Each structure stands twice: as C-alpha cells, then as structure tokens.
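Enquirer: test case, fold it:
(2 chains)
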There are 2 protein chains.
Amino acid sequence: MTYVAPVKDMMFAMNELAGLEEIAGLPGNEEVSPDLVEAILDEAGKFASEVLSPINAPGDKQGNTWKDGVVTTADGFKEAYASFCETGWNGMPASTDFGGQGLPVTVSTAVLEMWKSANMSFSLCQMLTLGAVEAIAHHGSDELKSTYLEKMVSGQWTGTMNLTEPQAGSDLAAVRTKADPRGDGSYAITGTKIFITWGEHDMAENIIHLVLARLPDAPPGVKGISLFIAPKYMVNADGSLGERNDLVCASIEHKMGIHASATAVMAFGEKTGAIGYLVGEPNRGLEYMFTMMNHARLNVGLEGVAISERAYQQALGYARERIQGKIIGDKSGDKKPILHHPDVRRMLMDMKSRTEATRALAYYVAGCMDRAKSHPDEAVRKANQSRLELLTPVVKGWCTETAQGVTWNGIQVHGGMGFIEETGACQHMRDARITTIYEGTTAIQANDLIGRKTAKEGGLSMKGLLEEMAQTQAALAAQDNSTLQIIAKGLGNGIVALNDATDWLLKTYDGSPQAAAAGAVPFLKLTGVVAGVWLMGRAALVSAGRVTADDGDFYKAKLVTARYFAEHVVPEAACYRDAILNGSGSVLALEEALF
Amino acid sequence: MTYVAPVKDMMFAMNELAGLEEIAGLPGNEEVSPDLVEAILDEAGKFASEVLSPINAPGDKQGNTWKDGVVTTADGFKEAYASFCETGWNGMPASTDFGGQGLPVTVSTAVLEMWKSANMSFSLCQMLTLGAVEAIAHHGSDELKSTYLEKMVSGQWTGTMNLTEPQAGSDLAAVRTKADPRGDGSYAITGTKIFITWGEHDMAENIIHLVLARLPDAPPGVKGISLFIAPKYMVNADGSLGERNDLVCASIEHKMGIHASATAVMAFGEKTGAIGYLVGEPNRGLEYMFTMMNHARLNVGLEGVAISERAYQQALGYARERIQGKIIGDKSGDKKPILHHPDVRRMLMDMKSRTEATRALAYYVAGCMDRAKSHPDEAVRKANQSRLELLTPVVKGWCTETAQGVTWNGIQVHGGMGFIEETGACQHMRDARITTIYEGTTAIQANDLIGRKTAKEGGLSMKGLLEEMAQTQAALAAQDNSTLQIIAKGLGNGIVALNDATDWLLKTYDGSPQAAAAGAVPFLKLTGVVAGVWLMGRAALVSAGRVTADDGDFYKAKLVTARYFAEHVVPEAACYRDAILNGSGSVLALEEALF
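Expert: Presented below is the predicted three-dimensional model:
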C-alpha cells in the first residue's frame, strides 16, 4: 500500500504545537513561511509516495547481498538515492554553510518523518550521513570540513558512525579500537566495529566513517576515546578519490527488520592500518558524540512516529476494504467492511491516537530545539534548552515503545492476512523492533531521564513542565465542552501520577539508586503518556473552536482522537506510578541464582 | 540455546493449582500417579531438549520448500517426526481406544507445552492431527473410525483442518467449498482452502484432511456447512494406500514466523472432485468443529505459555553471561553480567511472572476439563464445565496476548544482539505473533467471553469465580506475612475491577451491544490478569509454608514472582476497567470517513 504523507496533521502539529509562526520569525529563518513549508511538505510527500514507498516492501524482501566485502543494495535503491540527492532532499536539513537549506528543525522533522514512513531502511543512510556532517561541522578542523562536508551534504558521499564493538555496546567505555600516530598527522586505525548502519553499499562513490578509537597513551574508560574520520577511499588534494583505505566490510548482519539497510561488521586496519584523521582534540570523542546525540535520539524517536503512521495507513486501508462477518448491533443487514466492527475500530483509534500523540511530542520538542538555538532572548533559549533536554529521552524512548504496540495492532487488524509477509503489515512491526534498541535502549533513555535530567537537577525541569501542563488542564476544564472536560480529567489524573512519581524519585534517587533504576522505564513511559495527553489536550483546545470551519472534519476527528487518548491511554499513567512507587522491591528481591 | 523443560514449575502447577491428586483419583485415571507423571515429564523433557529443540532455529531459517505441489520439510524434521511417533509421543494424549495413552488433559498439557516450547512449528502437526482425531472419534461412523484413527494416533498418517477460504476467515458462514454426492455414499469436493497448517509435507505417508463444505441443498450460512474427510491418498479396504485423491497443495505461504510448518493453500477437486466422506450428519459441520474448539483453543493458549517460557530461557541465558556496563549502585567494582542491571531484572521478572501466571491458568483450566469429564459427582462435573467454558477464551486470548510482550522483552534484554536473527530471540517473537490470530482472534475470544460466557447467562459463572477469588483473597489477607499481604491487596484490587466491569457488562450488553463489544478485549485481558493473580496468590499461599524445605529455593522464588505480578501486572486491571466503563464512546464516535 502506497504511503501518503499526512500533511494536514503535520502542519497542525507544527503550527499549533511546535509554534511554527514564532519559529519562522527567529533570526536565520527569514525565508520560512507557512506557505513555503506546506509547499515543501507537499513536494516531499510526492517523493515519498512515488519514489521511496514503492521500493520499501521489495527492499525488505530482497535485502542486501554481500560478496567479498562488496555490498549490493536492493533493486531500485541506487536509482532512488541518486534522485534523492539530485532533487536536494539529502542535504535539505543541513546548514546553508555546506550546501544545505538550513531549514528549522521543526520543518525538517516533518520531512524526515516522511522518508522514515515511506522507507525506513532508505532513510537511515541520510540520517547517519547528516549525523556525521554535524560532528565534523561542530568539531572538525577547517581542512576536514572543506574536504568532506559539501559532498556529504549533497549525498555524493555518505557517512557512518562506528561506535559499537562486540564487547562495547551500551558501554562505550569498553571500546578497544586503536589509533596509532603515523607521524604525518594522520593515524593508523585497527579494530573491529559492529552494527554499522549503511557501513558499506553501492549507492555513493565514497563512504566517510567516523570512528571511535583510543590513542596509545589514552587513559582507560570513556575519557580515553577519540573521534576519527576514516574514508573508504582516500581523498586527494583536489578532492578526487585516491586509493582504497585499509578498511573493509567483513560481513553484514541477518536482522529481523530494516533488511534493505546493510548493517555492517567493519574491519579496520587488517593490513597496515586504516588511515584516519583526528576530529577535534584527543580523548574528547565521546563528548563529541554526545553533542550530536540529542538530535540523533530525536530522529530515532521520530522513526517511532513514522512507522506507526505507516502501519496505521496499512491497517486502515485493509479495514476499509475487507468484508467479513456481521457487525454486532447493526440492524441494516448490509455487508460492511471490518472497520465497522467495534474491536477493529478500537484498534484503529488506538493506533491513530498514539501516532498523533507521539507526533505531537516529537514536533513540539523539535520546536524547542529551534527556539533553544535561535531565540533572541537568552531566558527563552535556556528554558527551551532545558525542556529539550528533559524530553529528548522521552521522544526517543516513548515514541519508539509506542510504535511497538501500534505496529503490532497493525497486524492484528488484518487477521490471518496480517501474518503473511506479502500483505506488508509484518515489515512495519519487524522494522519498528530496532527502534527501542539502537541509539541507546529504552532503559538507557530512562536512566538519563531519571538521573541527569530529573533527580540531579532537583526536578526543576520536570516541575516546570508539570506547571505548564496544569495551566493547560485548567484551560480545558474551564471550557463548557464535554469532550474537553473528559480530556481535562485525563490530563489531571496524568499530572497527579507524574507528580507523585517525580516526588518519589527525588526522595529515592540518591539513597536507593537501584530502586530508582528499577522504576526508570515505567517513569519514562509515564512521562510520555502525560506529555502526550497534555499536547493532545492543547490540540483539542485549538480544535474545539474550528469544528464548524470548512475543514472542520479534521478538527472533529482530532477531538475524538484526543478523547480516546484520555480515556484509553492515560489510565496507564496510574499503572506506571504504582509500578514505580511500590514495585522496586519485587524487581530486586530475587537472588540471581533463583531466576 | 537448548530448551530445558521447567518440570518443577509444571509439577507445581499440576499438583497445587490443577489438583493432580484429585484428578489421578478420577475414574479412568487409575494408572496415573504423581511419580508416573514426573517420570513422563522427565522423558518428554529429554525428547524436547535433545530432538526438537536443536532443529528449531535451523527449521526457522530453512523453512519448507514447495515444488509442483510437493512440500519438503526442513532438514531433520522427517527424522524427528519418525522418532516422535516411534516413541509413542504422538498419540500420548489420545484415548486408549485408538492406541493412545488416555492420560488426563492436565498431564498431556504439560507434555504438549514442552513440544510447543522446543519447536512450535513441529508441534503444530501433532496438534492438528489430534484435533482431527477428536472430531472423527466424536462424530465419525465406526467405519471412518476404524479406517483412520489408529494410524493418525500413531502418527503414521497426519491430519488437518480445512476451514478458512479467502472470503471466509473469522466468518465461516461465508464458506463456499461444495460437496456433491457421487451416488456411492461418497462426495466430490471442490473448492479452495487457505491457511491449512501442515496441509502438505513429507513426514508421513498419508494426510487426512477434514474439510468444511456445503451440500447442494444446504441452507445458507452456518447451518448449511457439513464436515468431510478427504484423504490425500485413498485408503483401500485392507488399509493400504490407493490412488492419489484429487486434492493438491497449490502453494505455501511466506509467513512472519512458524516457518518450519507449511501453511498450505489447498485446491480440492480441480479435476473430477476430491473424494470425501461425510462425518456425522449433514449440515452439522460447524457444530462439530465447535465441540473440539474448547480443546483447540486451550492448546493455542498453551502455545502462549510455551513460547513465553522459551523466550525467558533464552533471555535469562544471555543475561547471565553478557557483561556490559557498570551496575548502578554496586560498590563492589566487579564486572557483573547484565542480569544485575535493575531494568534487565525488571524485564526478566516480568517475563518470569507472566509466564508462570499464564501456565498456572492454562493448567488450572486443564484440570477443570478433566473434572468436567470424569468426576463422579454430577454437580462437580457441571461446575467444572461451566468454569472451563468461562475461562477457555481467557486462556486462548490472554496467554497468547501475554506472550507478545514476553517475547518482545526477550529481544530487548539482548540489546542489539536481540535484533540479529542468529541470536534466536527474534524467532520467538515472530512465532508468537500468530497465536493471537489463529483459532479465533483475541476479539473473537473476547466476544465469546462477554456474550455467551457472561452476559447471556447473567454473569453466573463469572460471579461464582469472583466469589472463589474472594476466598483466596481472605486467606491471603489472614496470613501474618508481608508478601502475602501485598498479594492479597493486589488480588483485592483486581476483584473490584473485574466485578465493576462485569456489572457494567451485564447492564450494557443487551441495550448497547456495540459499546459492550468495544470493551470486549480489555474485558478479556482484565479477566486474565485477575485470574492470574488469583492463581499466583494460591501458589504463594502454598509456597509460604515451604520456604524452609529442602527445595525451599523454588518456593522463595515463587513468592517473589507472585509479588511482582501483584505489584506490576495487576495495576493493569484498573486500566482495563476504566477503558471498558468509560471508553466505548471514543471508540465508536468517529465517522468512518474521518479515520
């Protein structure tokens, strides 16, 4: 089923929740207007539907092939990538300094959502490339920048991140890859990296690897890791390609999903050492990675939104067409599609409301990023930076966790056909499965949220957010509108639960770190659900005034969707609260031998 | 990772929750003793570990191949099946009348769980064959019985169920396959059936298809469907095989999981009509299928337990070995396996407690089945029959829904390695995905539970169950033991929620059937969670008195596991209650065009 970009809901989330008008008025965004943004989204939507969506299922089926270090991508990917770069989509989110369009993050977020929905495997290549661009732009020398950035932004060359090693996954302190000075300012890199997304492929003429490695005299642990650039082909002074560097794709993984994106095992320096160049200062590699991590985590959270949207469209399409069984309580006697079965409606409403709530959160946080970067008022910048930091692990953790249930329901709506690969619903569930793992597992996000983002700053950011939520709650409760009242009640319950859990966390974190960590993932999900109903409540407030407009149907639907979220999703908040406050004992009680 | 049967927990569930001692004393079970049962389980466990477990992952990878109507099973399956039949495991649960061992359902449930854990694809062949045996034994003529049953019980021939057609999935009223009298007492069957599990393979010399079809003069809808036997090879009077019947496997499906079990499209009568024999009376086919359905649904529910167990073992094994990261709050400075991370413990406790709770429920209901069949006291038989009928959709629906989250967590525990197919965790999640769909989706189970099993009998069975739960709650609350008090509190909350929802359902079902149906799946899950904590509470009551015994470790673990369930899982009950009582409006409000 062809993906169709939900431009209307994207524009709504940008305009009403992220604050596009304000963002368009920030310094540097002079060229951005709502009309331009909608035109960009329409064009991107076409590209997503016409070019990327059709090769998604075939790419899943065919996957990549590896032979003697060479990876051949699935049919059509090379051509689609060429077209993606030619039309300028690859570099669109990047800075104008290097050939990008310098659009606000809020806008590029909507465009990136489309690539991820249409073809998650394909989209990863751009995501990794732009992550590498960001690292080099922030921390690289002028020489490195001038050598690499423009070609990476245009997509002529792609980029990768080489962090993980077999013994160093979540724990990068265990990185062993070495970088020895070659005496000419460059380094000889030796080591094996695994799980390297788009680590090898045939879509671009060069691949620029960013590699974490240790200098000979580096201190142990995370403070002894440096960041290097190691290109697949050496780059001559005139920018042309030279010899092949001593790095090779040793194999690619056989994964549950994202089959069309090669996940490479990279062997560096099996002969003489892969030639690499230090990015920034020695021993600050991990710190540099962390500066990009906010953005990367938001992007993976956005994958959760995108894959949820795609699964919803797939399920809805089937539910509108498939006729099966009598509709309970229906007196018409007509044969109706399964969309009319109450439980199918329940599943679709669940998928729709969770998708829209996660989109609302991801776009809202993108807006914080734009304001944190460019707002002229320092206090506003600071407030947005603090909100951004608080909610980044929530976007990453909650949006991707949500996508698991949404894509699961996407199969269930199809009944037996859902389990058949050709139907297309399975791929979304299989693709979604990686999103709660890479770029930091949900537990890692949750530990960041409860620790650095909450307990270690005395809960200031979280309490500030709760206060703002309470204002929305009051605004909803003040309306003479039964739907808004229901949402107000849900939001009120959510605020109480999150406040209770925050107070518990602040009391517990220092003295009983294990008890706090036992409740970390429930705390992250609790924050997500309450942030979700807060933003759906804000959306409902806007929508209530527009149901009689020409495009009133959209707002009518939004009100029902927000109400569904308040009635069906928000009750989870009390579960999470209970699990956090009462549940750590039973998590920690069992002796290891008795598992 | 090799599966190891959890014999200790199985024996506990049989002895303490299903009531094995009483069951062993029922007429017909004279040879059954706890010692014998444990000996059977030990032997079965060996077969599962040594023969079925090793071919599970390779079978998933290789799958079946189809060529010109011939299906070749994955390497090792043919040999394993031969050994399975030789050692008598195939017919073990069947009646002694046809060469089975006539063991109580409670005991065969434990043995079947092992096959399902060790190799779900493999186990489906026996499950379908024994389902067909049951149908023929109950409804077939003596001639059909003597022709088919012994060889099916021994496994020399296998059996299938041909129900689904492209337009007739959940809605069997739409079945179109025809059966025309051939004038000699047999029928010519023509039509296409899909999703036929083990519909074609090379493990046995003949395949006996049970087929739903319509006689020429049949009334429309479900009352015009008859049941037929159509063998792959005709059977001569002396029992030897004759000509090939006019039925063929037209293709096999490309599925998300259970790759090693061929799911066939069966074409009947493309030449002259497949020769079939009527089972029982005309037009009663669906009724006959329903008589077997209780058992089939329990067996699929058991798949949920089994695949959860397997995923737990896989994740636990990894968590005990993998060393990664510093353990928060650990002052020892030692490198410890990830089992020590609080969130990994949380996931493993979650997997363990849900697996044990679903096992408790499945075995308890198996015990009801044994008593309903064989108890000398009619009142006891009736009470058990009513409990069995009430809880059958819950076993099917809740145990399989639970397996989704458990197998999902199984991957998450592995981090990045979990997403790599060779690790083995993916297969369990992919295999589990079908269990909430086939043999009636969760929604179909839930509609049965709220309708025929609850509302239509005025809630008598459910209220009886709630009363029994309240007795357990009182017994727990009366103990001077803080763990039992916590479980009592959880159970108490669960009872209130289930009672509220039941009262609401009884008030709502007749007047607002769509509202009731909108809450059906939450109602099923609610019932499952509360039944789960009830049985875990009973388990805890037994265990509290045994923690100082020689095998006290098992009971200590059971207490922690029950407490985890009460603290982390039971809070879900209030969510489901809220969704049921308040949530139908938002499920039903949106106009179809606005989705």
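Enquirer: tell me the SS of residue A:329?
Expert: In three-state terms, and counting by DSSP: H, G, I helix; E, B strand; the rest coil, residue A:329 is coil.
Enquirer: any idea how many residues pack against the nearest residue to it once chain neighbours are set aside?
Expert: Sequence neighbours aside, residue B:513 is the residue nearest to residue A:329 in space, at 3.9 Å (criterion: C-beta to C-beta, 6 or more residues apart in numbering or on different chains). Every residue, glycine included, has its C-beta placed from N, CA and C. A count of neighbours around residue B:513, defined by other C-beta atoms under 10 Å in any protein chain shown, yields 19.
Enquirer: same question, the one 10 residues further on
Expert: Summarising burial for residue B:523: neighbours were counted as other C-beta under 10 Å, giving 28.
Enquirer: likewise for the one 4 residues further on?
Expert: Applying the criterion other C-beta under 10 Å, we find 30 residues in the vicinity of residue B:527.
Enquirer: name the SS class of it, please.
Expert: helix.
Enquirer: how about it, what does it touch?
Expert: Applying C-beta atoms under 8 Å, 6 or more residues apart in numbering or on different chains to residue B:527 gives the contacts B:391, B:394, B:398, B:449, B:462, B:498.
Enquirer: per-residue pLDDT, it?
Expert: Listed pLDDT for residue B:527 reads 98.
Enquirer: again with residue A:463
Expert: Residue A:463 is given a pLDDT of 98.
Enquirer: now it: closest residue in space, sequence neighbours ignored.
Expert: residue A:502 (7.1 Å).
Enquirer: counting neighbours, what do you get for that neighbour?
Expert: Residue A:502 is flanked by 22 other residues according to other C-beta under 10 Å.
Enquirer: from chain B, how far out is it?
Expert: Here the criterion is C-beta to the nearest C-beta, to the nearest Å. By it, residue A:502 lies 18 Å from chain B.
Enquirer: next up, the contacts around that residue.
Expert: A:454, A:459, A:462-463, A:466.
Enquirer: tell me the SS of it?
Expert: Per three-state DSSP, the secondary structure class of residue A:502 is helix.
Enquirer: hmm, residue A:75 and residue A:64 touching each other?
Expert: No: here residue A:64 does not reach residue A:75: they are 11.0 Å apart, not a contact under C-beta atoms under 8 Å.
Enquirer: show me where the stretch 151-300 of chain A has its strands.
Expert: A:157-162, A:178-181, A:187-197, A:206-213, A:226-231, A:233-235, A:241-244, A:247-252, A:263-268, A:274-279 (DSSP state E, counting those that start in this stretch).
Enquirer: before we move on, back to that, quick one: buried ones out of the contacts of residue A:502?
Expert: Neighbour counting by 16 or more other C-beta atoms under 10 Å in any protein chain shown classes A:454, A:459, A:462, A:466 among those as buried.
Enquirer: which of those sit farthest apart?
Expert: A:454 and A:466 (11.3 Å; C-beta to C-beta).
Enquirer: quick check: residue A:549 vs residue A:15, distance?
Expert: 14 Å (C-beta to C-beta, to the nearest Å).
Enquirer: higher neighbour count, those two?
Expert: Taking neighbours as other C-beta under 10 Å, residue A:549 and residue A:15 compare with residue A:15 leading, 18 against 11.
Enquirer: can you tell me the SS state at that one?
Expert: Relying on three-state DSSP, one would call residue A:15 helix.
Enquirer: same check, this time on residue A:71
Expert: strand.
Enquirer: could you check how far the closest residue to it other than its chain neighbours is from chain B?
Expert: Leaving aside its chain neighbours, residue A:71 sits nearest to residue A:200 (4.3 Å; criterion: C-beta to C-beta, 6+ apart). Counting by C-beta to the nearest C-beta, the separation of residue A:200 from chain B is 17 Å.
Enquirer: wait, isn't residue A:200 in contact with residue A:193?
Expert: No: Residue A:200 sits out of contact with residue A:193 when judged by C-beta under 8 Å, with a separation of 11.6 Å.
Enquirer: what do these two both touch?
Expert: Going by C-beta under 8 Å, 6+ apart, residues that sit against residue A:200 and also against residue A:193 are residue A:266.
Enquirer: which elements pack onto the host helix or strand of residue A:515?
Expert: Secondary structure assigned from DSSP states H and E places residue A:515 in helix A:513-518. Counting contacts by 3 or more C-beta pairs under 8 Å, 6 or more residues apart in numbering or on different chains; DSSP states H and E, helix A:513-518 packs against helix A:442-450, helix A:482-508, helix A:572-588, helix B:342-374.
Enquirer: what about the nearest residue to residue A:481 once chain neighbours are set aside, how many residues nearby?
Expert: Sequence neighbours aside, residue A:544 is the residue nearest to residue A:481 in space, at 5.5 Å (criterion: C-beta to C-beta, 6+ apart). Applying other C-beta under 10 Å, we find 19 residues neighbouring residue A:544.
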